[in-house]
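> got a predicted structure here, sequence first:
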Amino acid sequence: MRARVLVLNGPNLSLLGRRNPALYGELTLDQVEEMVVARARELGLEVICRRAEGEGEMVREVQGAADFDGMVLNPGALAHYSYSLRDALEVLSIPVVEVHISNIHAREAFRRVSVISPVVRGVISGLGVRGYLLALEWLASELGKGGKRGEGGKGGSGA
C-alpha cells in the first residue's frame, strides 16, 4: 500500500506564473502540481493536490488531513499570521513539511517569521518549486521507515 501525501497550497498560489515571476518563477500552479504528481509516482507515493484561497478553507483541509500519511504545505501569507492554521497543524499527527518558493528570511520583515514552523517537522524555503520535490523526497524516506500516521507531525530535532 502506497503512502498517501496531501500537497496543500494556500492563498494566491493559484497566481503562480503571473505573480512576480522574478520571485516565484514562471511555472503555473497546474504545472507545479503535474511535476509533483510525477515525482511522487517515481517515489512510490500517492499524492492528492489541493488548493485553498482562504484561511477557513485551509484550516478545514488541515483538519481533514488525518486520513493522509504526510503533508507538503505551502501556506502562503497565512504562514506569517494564521494562528488558527497553526492550531489545526499542532494537533495533526502526520509529518508536515512547510514549503515556501521564495526565501522568506530575505524578504520583508513581516514575512521573516512563520507561526507555522514551530509545529511542523521541517521547512524548505527559497529553493523555488524544487522545494516541493525535496519535501516529497524527505516524506518518502520517512514514511518508508514506518513513520506513517501517529508518528507526530510537529516539532524539530531540538537542535
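Great, that's in hand. Numbering: from 1, shown residues only.
> hey, let's count contacts and neighbours off CA atoms from now on
Will do.
> ok, now which ones touch the residue nearest to residue 81 when sequence neighbours are not counted?
Nearest residue to residue 81 in three dimensions, chain neighbours excluded: residue 115, at 6.3 Å (CA to CA, 6 or more residues apart in numbering). Contact analysis of residue 115 by CA atoms under 8 Å, 6 or more residues apart in numbering lists 79-83, 86.
> got phi/psi on residue 115?
phi -80, psi -10 (degrees, to the nearest 10).
> please enumerate the helices of this protein.
Per DSSP state H, the chain carries helices over the ranges 21-24, 29-43, 55-63, 83-90, 130-144.
> hang on, the earlier thing: can the contacts of residue 115 go into CSV with extra columns for neighbour count and pLDDT?
Below are the contacts of residue 115 laid out as CSV (neighbours: other CA atoms under 10 Å; pLDDT from 0 to 100):
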residue, neighbour count, pLDDT
79, 23, 94
80, 18, 94
81, 15, 92
82, 17, 96
83, 14, 97
86, 22, 98
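> between those residues, which is nearest residue 124?
residue 79 (12.8 Å; CA to CA).
> contacts only, for the closest one.
Contacts of residue 79 (CA under 8 Å, 6+ apart): 113-117.
> can you lay out those as a markdown table showing pLDDT and distance to residue 95?
Shown next, in a markdown table, are the contacts of residue 79 (pLDDT from 0 to 100; distance: CA to CA, whole Å):
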| residue | pLDDT | distance to residue 95 |
| --- | --- | --- |
| 113 | 85 | 21 |
| 114 | 94 | 17 |
| 115 | 95 | 17 |
| 116 | 96 | 13 |
| 117 | 95 | 12 |
